[in-house]
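Undergrad: Provided below for reference: sequence and predicted model.
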Amino acid sequence: MKDRNGTQAAIRAGYSKKTANVIASQNLSKLYIKDFIDSLEQDTADAARVTARDVLEGLLSEANNADNNGGIRTRAWELVGKHIGFFKEDNVREENITVKKGIDWDDITDEGIEKIIAAIKGA
């Protein structure tokens, strides 16, 4: 994958700039294309030996790091929210959320993280 941009991929494939975004949307709705992209993303993650847990831990570390400026911390919290699905249109929430700082991630299993994320998503 070159840039994770469906519109640009459609343009590179020869579609016109005027219709590329529509073509990209149509292509991404095709299950076999989505599955292929997912497998490429997994291959990339496997090659980098990065897991979703690694990403979440890194983002939480940046978000809680008082040495970072406000913009970096805000962006990290935004990405944490996106990672766990807070900002999807069908997932509007009006609730108070308490975030525990200083979580000892070594004590939390992958299954535990999945349960936390599922609970947050309301699954």
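TA: Here it is on my side, so go on. On a predicted model such as this, the values are computed, not experimentally measured, just so you know.

Undergrad: excluding sequence neighbours, find me the nearest residue to the most centrally placed residue in the chain.
TA: Closest residue to the average C-alpha location of the chain: H83 at 4.1 Å, with C-alpha atoms, centre = their mean. The shortest distance from H83 to any non-neighbouring residue, by C-beta to C-beta, 6 or more residues apart in numbering, is to L56 (5.9 Å). Every C-beta, even on glycine, is put in place using the N, C-alpha and C of the backbone.

Undergrad: could you do I33 as well?
TA: That would be N27: by C-beta to C-beta, 6+ apart, it lies 5.2 Å from I33.

Undergrad: how about N21?
TA: Closest to N21 by C-beta to C-beta, 6+ apart is T7, at 4.6 Å.

Undergrad: what helix or strand is that neighbour located in?
TA: Secondary structure from DSSP states H and E places T7 in helix 6-12.

Undergrad: swap in W77?
TA: helix 70-83.

Undergrad: picking that back up, confirm for me that the residue nearest to H83 is in contact with L79.
TA: No - L56 is beyond contact range of L79, at 9.2 Å (criterion: C-beta atoms under 8 Å).

Undergrad: contacting residues around the helix or strand that contains A24?
TA: Using DSSP H and E, A24 sits in helix 20-28. Applying C-beta atoms under 8 Å, 6 or more residues apart in numbering, the contact partners of helix 20-28 are 6-11, 15, 33-34, 37.
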